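Novice: Next comes the sequence, and after it the predicted model I'd like to discuss.
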Amino acid sequence: MYIENIIQHIKQQQPLIHAITNYVTANDVANIILAIGASPIMADEVLEIEDITSMAQGLDVNLGTINQNRFAAIKKAGMTANQKHIPILLDPVGIGASRLRQQYVEELLEYIQFDVIRGNISEIKALYQHSKTKGVDANSIDQITKDNIEQVVCFVKEVAKTYHCIIAVSSAIDVIADEAKAYVIYNGHPMMSRITGSGCMLSGLCTAFMSVNQQEKLDAIALAFMCHGIAGEKAYERMENNHSGNATYRNDLIDAIYLMSIDDIKEKARYEIY
Amino acid sequence: MYIENIIQHIKQQQPLIHAITNYVTANDVANIILAIGASPIMADEVLEIEDITSMAQGLDVNLGTINQNRFAAIKKAGMTANQKHIPILLDPVGIGASRLRQQYVEELLEYIQFDVIRGNISEIKALYQHSKTKGVDANSIDQITKDNIEQVVCFVKEVAKTYHCIIAVSSAIDVIADEAKAYVIYNGHPMMSRITGSGCMLSGLCTAFMSVNQQEKLDAIALAFMCHGIAGEKAYERMENNHSGNATYRNDLIDAIYLMSIDDIKEKARYEIY
Amino acid sequence: MYIENIIQHIKQQQPLIHAITNYVTANDVANIILAIGASPIMADEVLEIEDITSMAQGLDVNLGTINQNRFAAIKKAGMTANQKHIPILLDPVGIGASRLRQQYVEELLEYIQFDVIRGNISEIKALYQHSKTKGVDANSIDQITKDNIEQVVCFVKEVAKTYHCIIAVSSAIDVIADEAKAYVIYNGHPMMSRITGSGCMLSGLCTAFMSVNQQEKLDAIALAFMCHGIAGEKAYERMENNHSGNATYRNDLIDAIYLMSIDDIKEKARYEIY
């Protein structure tokens, strides 16, 4: 993986990322996209969505606080991005939490070819339960540990094959795979689950990384996960030193992305390839 | 009041709190719910609201930036919560600011039995002006002071009796009462009114506290107020030390909830029972 | 310019500012309005908009994450404000990014007399391209520099004349003008473009400054720009000292408004009058 190149492409090209994301974490998503050196644009009115998506180098769609209007915008944005060959990430937030979100995801998958689907392990399982082909039994996978990592990698590759895209699973151990190759990433910190929007921010980062590194999308997504995980570790060090809490941790996490150097990444990245 | 028990129930059970709240402060509400050890879920599309509310241990509904769609979601969420015996808090933000909000609150009160209504003194007065029974004249109550505290307690108990629920009034001095008993709480700091969302965050906290302490709801709500007030005091100390302003104060307030210990509460809580 | 008076009017009268702004930055806008000593109210449901706007001393409308419902609210709020002689600022966010936003701005300009339109140079250019009279050719203006400042001032005065209002242009060098007089302001820092919402916050500040200084609106808007720019400079100093990133910078920017003194402004303001 050419870490320098992937990062440099973002810093130099400053890609415009169209994020259609929930109102709870939209501010954090915008600021983390700015932190890495890309540029966010948020817009979710279906009447203008073609114009906006067409300007962007990457599209990030997120089902948090979904509603009928925003869903219509997401669908049209995705179809526009496919026509214009703009890479798209789907973050199926809470797909297991309501039948509506399941239906929405199924409808999106019917009309749009995503480049990446990023979620936690239960979201990816809920997604796969609705696919027609079921080569792998994921029922026994509740979390990702060193003990079940080979089974999980096999499952994630299978899901990737099913949807013809990269599947990126967030957990204590992350797995990012296409049908042939998987990154298993050990960076991150449990504190990241004590703030809202950690996953939404990661999806924004992934979209920025992939937008200007389309020849090595899998590497770019994996590197986005490493950066996010390392930022989570560095923010935790700062939090311990300053005796602060989760609100400051959120800021420190975004700051750590802003401050991250190539050396940081090289020194701290912990991953294996399967 | 068994402070340890109430807090421990939250930390151990990590209740899922469904918050339907305004987009201005939703991020802060989510982070303060996480700070105390509970888990937030935000969703406001009427088509999925039954599924979401049914999963939750508590429901927090807030009229800030209300619109027709979110109101429909709030109404259905409240009715679902009543059916499933999930406790509900109503935060009638700005009820005095528009006729629409008054109508909305009246409609909610007709269809939903709330467990708690939390607002500032003018919101609670505006609420009560629309009740059919008027046992108490609250016109002369503009703020809560040591001089009028007995009159206020009497008024709040009367409102609680009218709506068959706990009434929780935020002010320089807070009053939380059911028809029989009132907590009068002296914690807090004027700086809390120099940030947006202080009241919204308190409503989120109250919902988390009550959700897993239903046998002692009044105590739980009073304790949420004390924690919030103490956090406001501690954040002010930090602000003075670091010569910072209201944005940092917001973060320090949430951090103080994250960092709060049982000893902090026991040492700093200042209240009387009426 | 009577700096003390303009600031004092805000601190003493604590004007209520009705902000109809996008969900990405609404929290920051509310907190910066509170930081300067004014009071924000956010509401965007057309059914209640007359009640809300009528209570306010100033109206700030912003086209970020615009949708059909919020546009209807903005239009009605603007017409209400005109009837009640409440000053209005328009922030035509992304007017060049979609045909819908252009149409929306044209419709607003037809029905509403704004007091100020604030945007960056490309937004103001996009606005002017749709005016019927074109006295000035702005095609060659891409940014504002010391070299083209006279041409820019001429252009901004022309736009101000066209729309019968103050035009306030944000850039490395800011230009705020009515048809007769222009302030050229050199405060600010490039770091301000590495956070989301810097412009939205400035629009909120401008509305607060103008709301209680209607006899010297141009001075008040110029002073809001200076305060915002100085806050950006001070936040950058703090960021360098603490080795922090853009999330902390956002907080420090708002804090700097909260902490700003008359002496700060007098010492650091850098401007010329054309």
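Specialist: Cool, got the structure.
Novice: can stretch A:204-217 be found next to chain C?
Specialist: No: applying C-beta under 8 Å from any C-beta of the partner chain, one finds stretch A:204-217 out of contact with chain C, separated by at least 11.3 Å. For the C-beta atoms, the positions are set from N, CA and C on the backbone; glycine is no exception.
Novice: Show me what counts as buried in stretch A:56-75.
Specialist: A:56-67, A:69-71, A:73-75 (16 or more other C-beta atoms under 10 Å in any protein chain shown).
Novice: and what of stretch A:138-154?
Specialist: A:138, A:141, A:144, A:148-149, A:152-154.
Novice: Let me have the residues you listed in a markdown table, adding pLDDT as columns.
Specialist: Listed next are the buried residues of stretch A:138-154 as a markdown table, based on pLDDT from 0 to 100:
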| residue | pLDDT |
| --- | --- |
| A:138 | 70 |
| A:141 | 82 |
| A:144 | 91 |
| A:148 | 93 |
| A:149 | 95 |
| A:152 | 95 |
| A:153 | 97 |
| A:154 | 96 |
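Novice: ok, which of the buried residues of stretch A:56-75 also contact chain B?
Specialist: Among the buried residues of stretch A:56-75, the residues lying close to chain B (C-beta under 8 Å from any C-beta) are A:64-67.
Novice: Rebuild these as a markdown table, extending it with distance to residue C:18.
Specialist: Converted to a markdown table, these look like this (distance: C-beta to C-beta, whole Å):
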| residue | distance to residue C:18 |
| --- | --- |
| A:64 | 27 |
| A:65 | 24 |
| A:66 | 28 |
| A:67 | 24 |
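Novice: tell me which of these is nearest to chain C?
Specialist: residue A:65 (9.4 Å; C-beta to the nearest C-beta).
Novice: Identify the residue nearest the closest one in space, chain neighbours excluded?
Specialist: residue A:22 (3.8 Å; C-beta to C-beta, 6 or more residues apart in numbering or on different chains).
Novice: Residue A:205 and residue A:169, how far apart?
Specialist: For residue A:205, the distance to residue A:169 equals 15 Å [C-beta to C-beta, to the nearest Å].
Novice: which element is the residue nearest to residue A:65 on?
Specialist: Assigned by DSSP states H and E, residue A:22 belongs to no helix or strand.
Novice: now residue A:251
Specialist: Remark: residue A:251 resides in helix A:246-259, with elements defined by DSSP H and E.
Novice: touching chain B at all, that helix?
Specialist: Yes: for helix A:246-259, a contact with chain B is found by C-beta under 8 Å from any C-beta, at A:246-248, A:250-251.
Novice: of these, closest to residue B:210?
Specialist: residue A:246 (21.4 Å; C-beta to C-beta).
Novice: what's the neighbour count on that closest one?
Specialist: For residue A:246, the neighbour count with other C-beta atoms under 10 Å in any protein chain shown is 23.
Novice: what does residue A:180 give?
Specialist: Residue A:180 has 9 nearby residues by other C-beta under 10 Å.
Novice: hmm, back to that, for the helix holding residue A:251, name the packing helices and strands.
Specialist: helix A:26-36, helix A:198-211, helix A:217-242, helix B:26-36, helix B:246-259, helix C:246-259 (3 or more C-beta pairs under 8 Å, 6 or more residues apart in numbering or on different chains; DSSP states H and E).
Novice: Can I get those in a markdown table including distance to residue B:105 and mean pLDDT?
Specialist: Shown next, in a markdown table, are the helices and strands packed on helix A:246-259 (distance: least, C-beta to C-beta, whole Å; pLDDT from 0 to 100):
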| stretch | distance to residue B:105 | mean pLDDT |
| --- | --- | --- |
| helix A:26-36 | 28 | 98 |
| helix A:198-211 | 32 | 98 |
| helix A:217-242 | 40 | 96 |
| helix B:26-36 | 20 | 98 |
| helix B:246-259 | 27 | 98 |
| helix C:246-259 | 32 | 98 |
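Novice: ok, back up a step: including distance to residue B:192, could the residues of helix A:246-259 next to chain B go into TSV?
Specialist: Shown next, in TSV, are the residues of helix A:246-259 next to chain B (distance: C-beta to C-beta, whole Å):
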residue	distance to residue B:192
A:246	19
A:247	15
A:248	18
A:250	20
A:251	20
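Novice: Contact partners for the residue most central in space within chain A?
Specialist: Most central in chain A under C-alpha atoms, centre = their mean is residue A:203, positioned 2.8 Å from the mean C-alpha point. Applying C-beta atoms under 8 Å, 6 or more residues apart in numbering or on different chains, we find residue A:203 in contact with A:21, A:29, A:60, A:62, A:89, A:91, A:118.
Novice: Of the residues you listed, which is the nearest to chain B?
Specialist: Closest approach to chain B among the contacts of residue A:203 (C-beta to the nearest C-beta): residue A:29, at 10.6 Å.
Novice: Next, count neighbours for the closest one.
Specialist: Neighbours of residue A:29 using other C-beta under 10 Å come to 30.
Novice: Repeat that for residue A:270.
Specialist: 14.
Novice: Show me what the host helix or strand of residue A:70 is in contact with.
Specialist: Residue A:70 belongs to helix A:68-84 when assigned by DSSP H and E. Helix A:68-84 has contacts (C-beta under 8 Å, 6+ apart) with A:18, A:20, A:43-46, A:49-50, A:52-54, A:56, A:59, A:61, A:63, A:86-88, A:104, A:107-108, A:111-114, B:45, B:47, C:67.
Novice: Might you list the low-confidence residue ranges for chain A?
Specialist: Along chain A, segments meeting pLDDT under 70 span A:131-137.
Novice: Let's see that with 50 instead.
Specialist: Residue ranges of chain A with pLDDT under 50: none are present.
Novice: Give me every residue in it lying close to chain C.
Specialist: When proximity is defined as C-beta under 8 Å from any C-beta, chain A approaches chain C at A:23, A:26-27, A:30-31, A:34-35, A:40-45, A:47-48, A:51-52, A:55, A:69, A:250-259.
Novice: Counting neighbours, which of these end up buried?
Specialist: Buried among the residues of chain A next to chain C by 16+ other C-beta under 10 Å: A:23, A:26-27, A:30-31, A:34-35, A:40-45, A:47-48, A:51-52, A:55, A:69, A:250-259.
Novice: name the element the residue of the stretch 51-200 of chain A found nearest chain C belongs to?
Specialist: For the stretch 51-200 of chain A and chain C, the shortest gap (C-beta to the nearest C-beta) falls at residue A:51, measuring 3.9 Å. Using DSSP H and E, residue A:51 sits in helix A:49-55.
Novice: Any idea how many residues pack against residue A:14?
Specialist: 16.
Novice: if I look at it, how far off is residue A:62?
Specialist: In terms of C-beta to C-beta, residue A:14 sits 22 Å off from residue A:62.
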